[in-house]
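Visitor: Have a look; sequence and predicted model below, questions after that.
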Amino acid sequence: MVLAYFFYKVANMETILVLFEKTKNYLDSQVFTIEGNPITFLNILMALILIVLLVFISGKLAKLLENRIFDKNKLDIGIRHAIATIFKYSLITIGVIIILSSSGINLSALTVLVGTLGVGIGFGLQSITSNFISGIIILFERPIKVGDRIEVGDTSGDVVKISGRATTILTNDNIAIIVPNSDFINKEVTNWSYNDRMVRFKIPISVAYSSDVRLVEKLLIEVAEENPNVLKEPKPIVRFMSYENSALNFELRIWTSSLIHRQGRVISEINFGIFDKFKENDIVVPFPQMDIRMKR
């Protein structure tokens, strides 16, 4: 029994060695040559494995740089994300060049191939290329950054991620919308927090002709000052805008920095306050009227 087991093991070992030898020969077989340099399956396989590892490690290092190192320096979240993303792409580019060179691929010999691929990219991958280049422009020029409140087209929300191809915007309904980076270059973009996170809202109000306009002004200022989301400086102001057929038109102008992403909420709170104040002080909000006179 012992002898049979020994021969069984030897046979299995020989089978494994044969398989190993065949696999090695297959991996060492030449696929193509570049300027006389043979490129084998093993070269290609190792290059692919190293590139995958490079992308994975670069992503981890970029997150570590953004969330740990830069966070300790109290850098703005948009600046942290931009630097980390540029670092990631730079590391991948340099790493790919080193990996290809180490695999025996002469990069100078790839010039013609890259030129040919460039023509194909120009036609077939034009949209992807445009979005990638637009993403690089966004990261360097920073017209938008992570954390900004923006509007582009019919989309409004907070920027939560800027990647190579697209930017992710989170709306007030907690819906993530993926917008191609080229839209931020080719379309008009409203950035509510480009300079700072302080914006002004204008709220129109109409009252009847019989109203005391100075009392209206006083009540509107009171409503604004009582709202915790309205800044004390710059102070809220009231503008008497126009005379209409059945109303006097005013505009309450307020500043806020806490709810720039909740414009509807701020305006709603102010309108509720205005309605209550007007009701307490007998200020009438007009509605369109038409007088009809009949002659006999």
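Guide: That came in fine, so what should we check first?
Visitor: switch to C-alpha atoms for all contacts and neighbour counts from now on
Guide: Will do.
Visitor: Convert the C-alpha atoms of the helix or strand where residue 151 lies to PDB, please.
Guide: Per DSSP states H and E, residue 151 falls inside strand 149-152. The C-alpha trace of strand 149-152 is given here as PDB (Å, rounded to 0.1, in the frame of the first residue of the first chain):
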ATOM      1  CA  ARG A 149     -24.100  74.200  -5.200                       C
ATOM      2  CA  ILE A 150     -24.600  74.400  -9.000                       C
ATOM      3  CA  GLU A 151     -27.100  74.500 -11.700                       C
ATOM      4  CA  VAL A 152     -26.400  73.200 -15.200                       C
END
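Visitor: Relative to the next helix or strand along the chain from it, what are the paired strands and their orientations?
Guide: Using DSSP H and E, the helix or strand that follows strand 149-152 in sequence is strand 155-162. Strand 155-162 pairs in its sheet with strand 149-152 (antiparallel), strand 166-170 (antiparallel), by DSSP bridges.
Visitor: Highest mean neighbour count out of the ones you listed?
Guide: strand 166-170 (a mean of 22; mean count of other C-alpha atoms under 10 Å).
Visitor: For that strand, give the mean pLDDT please.
Guide: Mean pLDDT, strand 166-170: 89.
Visitor: Stretch 183-193 too?
Guide: Averaging pLDDT along stretch 183-193 gives 83.
Visitor: just how off-centre is it within its chain?
Guide: 12 Å (C-alpha atoms, centre = their mean, to the nearest Å).
Visitor: list the buried ones in that stretch?
Guide: Judged by neighbour count (16 or more other C-alpha atoms under 10 Å), stretch 183-193 contains these buried residues: 183-185, 189-193.
Visitor: Same list, those residues, but as JSON lines with secondary structure and distance to residue 265 please.
Guide: JSON lines is the format used below for the buried residues of stretch 183-193 (DSSP: H, G, I helix; E, B strand; the rest coil; distance: C-alpha to C-alpha, whole Å):
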{"residue": "183", "secondary structure": "helix", "distance to residue 265": "28"}
{"residue": "184", "secondary structure": "helix", "distance to residue 265": "27"}
{"residue": "185", "secondary structure": "helix", "distance to residue 265": "30"}
{"residue": "189", "secondary structure": "strand", "distance to residue 265": "23"}
{"residue": "190", "secondary structure": "strand", "distance to residue 265": "19"}
{"residue": "191", "secondary structure": "strand", "distance to residue 265": "19"}
{"residue": "192", "secondary structure": "coil", "distance to residue 265": "16"}
{"residue": "193", "secondary structure": "coil", "distance to residue 265": "18"}
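Visitor: which one of those residues sits closest to residue 68?
Guide: Distance to residue 68, by C-alpha to C-alpha, is smallest for residue 193 among the buried residues of stretch 183-193, at 24.7 Å.
Visitor: who touches the closest one in this structure?
Guide: Residue 193 makes contacts with 148-150, 199, as judged by C-alpha atoms under 8 Å, 6 or more residues apart in numbering.
Visitor: Make CSV from those and add distance to residue 221 to it.
Guide: Shown next, in CSV, are the contacts of residue 193 (distance: C-alpha to C-alpha, whole Å):
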residue, distance to residue 221
148, 29
149, 27
150, 29
199, 18
